[in-house]
Structures are given as structure tokens and as C-alpha cells.
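Asks: for reference, the sequence and a predicted model appear below.
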Amino acid sequence: MNQGFYPLDDFPIDVWQGFKMIAGYYENFQPRLLLEVINRFLHSETILTLIQTKSRAEVERLLLDSTVMASYGNFRTYRISQILWNKKPTDLLSNGSETYVAYYKRVYGLTLKELNQPLLLHVPRRGGLEIHLIPELCNLTGLTEKQRNNRAVMKSIAQHTKKTPNQMVNIMEKHLNQIESQLLTYAPLEIDKNPIVDGYRLPPPSIKVGQKLIKPERGNFLIREPILEPLVFNNWVVIYTCSSKKDFDTAEDFYQTLESAGKIFGIKVAEPHWIEVPPSGLTIQEIVKFIRKAVTMKPQIVVLLANPYIEGMNYVELYTKFKTITIKEAGIPSQFVYSNKVSDQKNSMSVCSRIVLQMNAKMGGSLWQVPKLPEIPADTMIIGADVFHKTGERRQSCVGFCATLDVNFTKYFSATHMQNVGEEIMKTVGRLVERALRVYLAENKQLPSLIIFYRDGVGDSQIDSTKSEEINLILQSFTRVNPSYNPQFAHIIVTKRISDKFFEFEEGRDGTTYRNPSSGTMVCSDIVSGSFEYFICAQNVTQGTAKPTRYQVVHNTTKLSADTFYCLTFQQCFNYYNWTGAIRTPACVQYAHKLAYLAGQTFQDQIHVNLENFLSYI
């Protein structure tokens, strides 16, 4: 892992760069050696410093289920399962032979300085011996949410991690040369350093916006005209925190800019009902009272315009309370906006344009439409599902489930379900599919003849469990809706966390030039397994290197051709209303992820029944 070490100036973070290898077989038993350049972010301060400077509750929130790196031996990483507050280094090892102090001195030559620190417990997920770690000798890896939201931190990190395709190929060739020289000492092996596979470029769809058809360029498109279903905002509420006249002016400017942005898209924005939170009420408890007052007015949507610089304000808790009251309890769409994002005159129009489109979508108005492929029946349902985990805080895992309800795949039934901490298999997926089918039947007076199910978040080790459990539960749900109901059905596992990377290349006078694959690049041979599998790089990537998404069709009773699967998957990547362009996965998958993340992070429960047919969570 220690192939490169880059301390970040001005920030307590070090970037460790190295690589990992995965060996296996492709189709026809062709040997595979997959190399991926990886980066680890290591906090400069030790875990002991963190324990000494923060409360016990905060330490547990940061450490449980997080990964730490040991600063001795082979610099191994460990996932923390528990903090043993009642143990210390002067205790005996589990075998009773010596103390931890003596063990680290004898084996590693290290003298522990703090003898009253607790111990960290690592429990291997696949069984094995439990390992006790010393906080003084460990550093936290990864980035905190606060660091990820810090533009200066991320810009500094990007200088070391966001490599151009040419830079990435050079780094990988360097590693491969090192690996090959070491392998030759054991066996006469040769590594193909420039493997070439056949790729295809899928055609982008024409996007219907209002009465116009827009052809994406390089995977993206712009909207400068009325949208598909513009709404009228004539009963909406803005709650704004007011600590000075500047906050009052910002709220007024926000409405005026939102109104101007709405006109571009055909959205009529009337003046909202204003609720001002006075300087004396700038606490979570008082703001909650104003939120509850707002939902009693039964508005179309509630906006909370929050000053991000209120002293002592816990904005994570405020956001959680806001979403819990509006989405879980009242069943009213809501929008949380930081006032500094809309007060910048230079960017306010751009920001408000995105906000007004998002609000329109949350309230049920479709923004655009991806025309249906002629091979796809009109009575087709596309489903996306994902599971969100927050095991470090011992929160329940949350299933996000989204199913299309209309012929154009713009209306959705959405639902959540909470399950055991860390559980990936969706044991309630049959019930969720059944609910979606009954809503579809009520909306369309018939059941879908074709169902395409995109399942996100399944690791390679869980594919067999998914096939044996989840697919059977889905098939059983069909007969519960109607004993004779037997639709065409395909189940596709979507995997984003893969090591595979593709590069387009061009030979020239100065050698080979590499670039990221174009939007719509698809690979379906040579490097796939023997099953129905394909890779698509749908998004347009201009910084760093692109990551494709892998699709494995593990169950298929449809009459669709392989080309139809490829084109449907790619075209649905343009149907996500938070981005005017292609994203990494079909829209239903990203919607399911957003829903699971929101519910899993905040209210840990189902969304209100009134919002099940709205994209209130985007």
C-alpha cells in the first residue's frame, strides 16, 4: 500500500497510494489479473488523540464500523467493531501470557506512552480470532463528512488522486512492471500490459422537454424552455431564520430569483406564505415549532431557508427534524436550503434554477421524458432497489424501493423498509413488489406484462443468496396479486464498486494517447463472465478517470434481445431529475439509493403514505 505517501499541507490528512490485484478467470477460462490503483486517506492524529479530545458518544460515532490503520508491522487495516472502555494496555492478553505493554515491546520494540487508554476490538466478519488494538498505535482512515464538505480539503486531495487517463495508465504500467519482475522469480509468466477489448457506443436518447426533443451532447443536455409538466406554486411556505436584516433581504431575494427561474421552465411561482424565525427563536426546539406550524397549513411544499452560521446550531439534527416532520409525519414535500447558497449574486440564478426544478419534481411534476424503446411494451414496470447501511451508529439498515407506474417511466411508487443492522438481503422485497403491482393496477387498470428489476448494492459473495432468496420472493409475489399472473421478468444486479476501468486510445506521432470512454460506451465480451453480463460507462467524465458500471442479468424470462437490455439500461441513465445528463446507473436505481439514504440517515422509518407516489426525497 505504501507505494506513494503525500501529506496534505494545512490539513491533518495523509494520502497513501498503492494498488490491489484481483486474480480470476474471464469467459472461456481466460486468466485474469485485474490491477486497481487505490488511495487511502489517513488522519495524521492518532485514535488516542481523538479519544482524549472528544466525548465518548462522539468517539463511538466516529469509530464504530470505521477502518483504522496500524502504524506498525505491515500497516494492516482493521474495521472497529467495539471500543473496550473497561480494558487497558496493562491488562493481560487473552491467553494470559503477558500484558499488552510487554507484548508490543517484545514483538515490535514499541513502548506505549499512555497506560490508561481503552482498547479497540476488531471482529473479522468471516470468522477468526478477535484482535485487540491500541489507540495510540492506530490512525483513522477515510474522510469525515465535514472534510468531504470542505472544498479546500477536497481540492487538495484531488491533486493527488484525480489522475488523467494518461497518468493513470503510466502508474498502472509502473506497478505491472514491478509485479512482473517479482513473478518471474517464481515462474516464467508474462503480463499483457495493454489488453484491448471490443467496445460499442450506444446511441443516446432524444430527451422530450415540453414540446421539444433535445439530443444530448457528450452525455449531457441543457434545459432552456418549459418542462414537461410545469406546476403552479400557489400554496407554499418558506420558513427563514432571521438574525439580521440581511437574512430578511436574502429570503426576499430567494423568492424573486426562484420566480424568475421558474418562468424559464414554465413554472409559476406565486409569493409564499412567510414564516419568520426571530433571533430569540434560533434554537432547534423553537424552529421545530415553526415547522409544525407550517405543515398545519397543508401547503404544496415547505422550504426551510437556514442561515448556516447560527452559533451552536447542530444542522444535522435540524435537517433530521425537518425531514422527519415533513416527509414521515405530515406527508408534505420539503426543501432544505442554506441561505448562503442563494445569496451569492453571481451564482444565485443557477442555484435557484436547480432548486425550482427539484421542487417541481418533488411535488409530482415531471421535468422531461426519455422516449420508450419500440421493443419495450407499453405495460412495462422498471424497478430499482438498494439497501443503505449505517452500521457504525448501530442504525437499522434501510431498503429503498422505486417502481415506475406509467408508460413513459416518469411516475414512481416509492417505499422504504427497515431491517436488521448490516443486513443486505431484502427479505421483504416480495411484499414491496406486491404493493407496487397493486398501485400499478389501480393506476392503469391492468398489471404490467414485463418487469425489469435493477438490484443495486449486491457484492459478488452475495449473488447466490440474492438469486435463491430475493428472486423467489419476487416470483411468489406475482401469484399473490393474481394466481394466474406470470409476467416476463428480468433481474439485473448492478455493481458500481468494481476495479475495472476502460480507456479509449489513439496512436499518434508522440505515442499513444488515452482518454476516458465516451458516454454510452458498452463492453459485453472478452472480459465478462460466462453469464449475461455487460459494462456501461453512461456518464461523461471530464476530471479523473471514469468508472464503468457492471450489469449481471441473473434471471431472465423475457423475450428481449441483448441489444434491448443494453439500450434500455443506458437510456434510463438519462431519466434522473437531479442531473441534466446521464448518471452511472438507471434513474430507478439512483432514486432507490436516495430514498434509502434519506430514511436511513434521518427518521429510520417508512415515508408517509401520501408521498409514496411522489419523488419527495430527491
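Replies: Arrived safely, thanks for sending.

Asks: what packs against whichever helix or strand Ala442 is part of?
Replies: Assigned by DSSP states H and E, Ala442 falls within helix 429-444. Other helices and strands packing on helix 429-444, by 3 or more CB pairs under 8 Å, 6 or more residues apart in numbering; DSSP states H and E, are strand 380-388, strand 397-404, strand 412-419, helix 471-481. Using the backbone N, CA and C atoms, a C-beta is placed for each residue, glycine as well.

Asks: kindly recompute the last result at 10 Å.
Replies: strand 380-388, strand 397-404, strand 412-419, strand 450-456, helix 471-481 (3 or more CB pairs under 10 Å, 6 or more residues apart in numbering; DSSP states H and E).

Asks: so of these, which one's packed in deepest?
Replies: Most buried of the helices and strands packed on helix 429-444 by mean neighbour count (mean count of other CB atoms under 10 Å) is strand 397-404; its value is a mean of 26.

Asks: strands paired with that one, and their directions?
Replies: The pairing partners recorded for strand 397-404 under DSSP bridges are strand 380-388 (antiparallel), strand 412-419 (antiparallel).

Asks: show me where the protein dips below the pLDDT cut-off.
Replies: Scanning the chain for pLDDT under 70 picks out 1-10, 27-29, 125-127, 391-394.

Asks: tell me which element the residue sitting furthest away from the middle of it is part of?
Replies: What lies farthest from the middle of the chain is Ser97; by CA atoms, centre = their mean that is 46.4 Å. For Ser97, there is no host helix or strand (DSSP H and E).

Asks: that one reaches Val107, doesn't it?
Replies: No. Assessed by CB atoms under 10 Å, Ser97 is found out of contact with Val107, at 11.9 Å.

Asks: report the buried residues of the helix holding Ala442.
Replies: When burial is assessed from 16 or more other CB atoms under 10 Å, helix 429-444 yields the following buried residues: Val429, Gly430, Arg431, Leu432, Val433, Glu434, Arg435, Ala436, Leu437, Val439, Tyr440.

Asks: tell me what angle that helix forms with strand 450-456.
Replies: Relative orientation of helix 429-444 versus strand 450-456 (axes from the mean of the first three to the mean of the last three CA atoms, to 10 degrees): 140 degrees.

Asks: pull the distance from helix 429-444 to the chain's centre.
Replies: Offset of helix 429-444 from its chain centre (CA atoms, centre = their mean, to the nearest Å): 26 Å.

Asks: again with stretch 222-233
Replies: The answer for stretch 222-233 is 27 Å, by CA atoms, centre = their mean.

Asks: again with stretch 174-184
Replies: Counting by CA atoms, centre = their mean, stretch 174-184 comes out at 35 Å from the chain centroid.

Asks: adjacent strands (with direction) for the lengthiest strand in the chain?
Replies: In the chain, assigned by DSSP state E, the strand with the most residues is strand 31-46. Note on strand 31-46: by DSSP bridges, its sheet partners are strand 13-25 (antiparallel), strand 138-141 (antiparallel).

Asks: need the winner for burial among the ones you listed.
Replies: Most buried of these, by mean neighbour count (mean count of other CB under 10 Å): strand 138-141, with a mean of 21.

Asks: buried ones in the helix or strand that that strand is followed by?
Replies: Going down the chain from strand 138-141, the next helix or strand is helix 145-148, by DSSP H and E. Buried residues in helix 145-148, counted by 16+ other CB under 10 Å: Gln147.

Asks: then stretch 225-237?
Replies: Pro226, Ile227, Leu228, Glu229, Pro230, Leu231, Phe233, Trp236, Val237.

Asks: kindly report the same for stretch 550-563.
Replies: Applying 16+ other CB under 10 Å to stretch 550-563 flags Arg550, Tyr551, Gln552, Val553, Val554, His555, Asn556, Thr558, Leu560 as buried.

Asks: and the third one, how far is that from Phe233?
Replies: Looking back up the chat, that one is Gln552. Taking CB to CB, to the nearest Å as the measure, Gln552 falls 43 Å from Phe233.

Asks: what residues of stretch 308-315 count as buried?
Replies: Buried residues in stretch 308-315, counted by 16+ other CB under 10 Å: Ile310, Met313.

Asks: so how far is it off the chain centroid?
Replies: Stretch 308-315 sits 26 Å away from the centroid of its parent chain (CA atoms, centre = their mean).

Asks: coming back round to it: which stretch among the strands paired with strand 31-46 approaches Leu50 most closely?
Replies: For the strands paired with strand 31-46, the distance to Leu50 is smallest for strand 138-141, at 6.9 Å, taking CB to CB.

Asks: chain center to that closest one, what's the gap?
Replies: How far strand 138-141 lies from its chain's middle: 24 Å, per CA atoms, centre = their mean.

Asks: who touches it?
Replies: 13-14, 16, 40-50, 62-63, 66-72, 75, 77-80, 120 (CB atoms under 10 Å, 6 or more residues apart in numbering).

Asks: same thing with stretch 561-569?
Replies: Residues contacting stretch 561-569 (CB under 10 Å, 6+ apart): 200, 202-203, 205, 370, 372-376, 380, 382, 409, 452, 454, 490, 492, 494, 520, 522, 524, 532, 534, 536, 538, 549, 551, 553, 556, 558, 560, 585-586, 589.

Asks: now the buried members of those residues.
Replies: 202, 205, 370, 372, 376, 380, 382, 409, 452, 454, 490, 492, 494, 520, 522, 524, 532, 534, 536, 538, 549, 551, 553, 556, 558, 560, 585-586, 589.

Asks: assess the claim that Phe75 and Asp14 are in contact.
Replies: No. With contact defined as CB under 10 Å, Phe75 does not reach Asp14; the gap is 11.9 Å.

Asks: overlap of the contact sets of these two?
Replies: Residues touching both Phe75 and Asp14 by CB under 10 Å, 6+ apart: Arg40, Leu42, Asn139.

Asks: OK, contacts around the second one?
Replies: So that's Leu42. 1, 5, 7, 12-16, 68-69, 71, 75, 77, 139-142.

Asks: ok, 7 Å please
Replies: The neighbourhood of Leu42, defined by CB atoms under 7 Å, 6 or more residues apart in numbering, consists of Asp14, Trp16, Met69, Asn139, Thr141.
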